[in-house]
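Q: Coordinates for the following, if possible.
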Amino acid sequence: MPLTFAAMQPAHLPGAMRLSADAGWPHREEDWRLVLDISRGFAALQEGEVVATALATPFGDAAMVNMVIVDASLRRMGIARAMMERVMAAANPASWHLVATDAGLPLYEAFGFRRTGEIAQHQGIVAAVRPSGEACWGTPADLEAIIGLDRAASGMDRAPMYSALSKVARIAVLRHCGGIAGHALVRDFGNGKVVGPVVASSVVAAQSLISFAMSEHAGAFLRVDTGRHTGLGAWLAQCGLPEAGRGIVMRAGTGASGPAGPVSVFALAAQALG
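A: I've put the predicted structure just below:
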């Protein structure tokens, strides 16, 4: 049957949910909707049914490719390539970013993406954890400073993402000299809750933020996606969140290689959003 392609709309979400569930992804409709609200992309339709999706989320001079899924019965027919061609033609950022599965590597490498790192997905039932620092819950008045801190850490303008997340998340912060020195967002996602993004100046500061969030969710299912380079993996496992999967960080384009500031991203908002 021939395919048609359409700009992805909220009406496509039930079909997208079917695809992600079949792929073993934990995304709820609310998780899909959050990404779609700050992104643009395409759905492939066969007899009116969604059989493939691909989105791109703009972050200033950068963009994140995400939610690339093809119905299992239609894979290896060039549909994923067609989706990537469409979604990348719809924007012209200086740099493209994504988190890939092993199966997706050949496709993304064909579009000029190269590996730059690896994400470890940690999840499980949170142990009884005592806060290890001076983190506290932030307020709506902190949002502008939090966005600025993320810009320094990620090298991208992710204000729309933070604006959307702030409507559904609680934000833990570290304060120093009257300013925001670190932050961690906690929200419902998939099978429980996710902590991220986490932006901090050190592993100790990141642990302070995450342990504060954990202390209020003992016995709950929690997920943290962190770069292998952060050094958080063994500590997360000790807190009841063993490694449960991985993702490959990839990048394409000629934009700046990344931030060089005093803070870093220690955990992702989601693998779809970085």
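
Q: Just say helix, strand or coil for Ala244.
A: At Ala244 the chain is in strand, as set by DSSP: H, G, I helix; E, B strand; the rest coil.

Q: from what I can see it touches Ile119, true?
A: No - in this structure, Ala244 is not within contact of Ile119 by C-beta atoms under 8 Å, at 11.6 Å. (C-beta placed from N, C-alpha, C; glycine too.)

Q: Looking at the two now, which is surrounded by more residues?
A: Using other C-beta atoms under 10 Å as the criterion, Ala244 and Ile119 rank with Ile119 on top: 21 against 11.

Q: out of everything not next to it in sequence, what's closest to that one?
A: Gly247 (4.1 Å; C-beta to C-beta, 6 or more residues apart in numbering).

Q: can you check Phe59 too?
A: Met156 (3.9 Å).

Q: what about that neighbour, neighbour count?
A: Met156: 25 surrounding residues under other C-beta under 10 Å.

Q: Please apply the same query to Ile125.
A: For Ile125, the count of nearby residues is 13 (other C-beta under 10 Å).

Q: Repeat that for Gly253.
A: Around Gly253 there are 16 other residues, counting by other C-beta under 10 Å.

Q: Is it bridged to anything, and to what?
A: For Gly253, the beta-bridge assignment (DSSP bridges) gives partners Ser95.

Q: my read: it touches Ala91, true?
A: No - counting by C-beta under 8 Å, Gly253 does not reach Ala91; the two are 10.9 Å apart.

Q: How much space separates the residue nearest to Phe59 from Gly104?
A: Met156 sits 22 Å away from Gly104 when distances are taken as C-beta to C-beta, to the nearest Å.

Q: which is the next helix or strand following the helix or strand containing Thr57?
A: Thr57 belongs to strand 49-59 when assigned by DSSP states H and E. Following strand 49-59 in sequence order, the next helix or strand is strand 62-70 (DSSP H and E).

Q: CA atoms only for that following strand, dumped as CSV, please.
A: Extracted in CSV, the C-alpha atoms of strand 62-70 (Å, rounded to 0.1, in the frame of the first residue of the first chain):
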residue,chain,number,x,y,z
ALA,A,62,20.9,23.5,17.3
ALA,A,63,18.1,20.9,16.8
MET,A,64,17.4,17.4,18.3
VAL,A,65,16.1,14.6,16.0
ASN,A,66,13.9,12.3,18.0
MET,A,67,10.9,9.9,18.1
VAL,A,68,12.0,8.2,14.9
ILE,A,69,10.0,5.0,14.8
VAL,A,70,8.8,2.7,11.9
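
Q: oh, and call the first residue 2 from now on, that's how I've got it
A: Let's use 2 as the start, then, which means that last one is strand 63-71.
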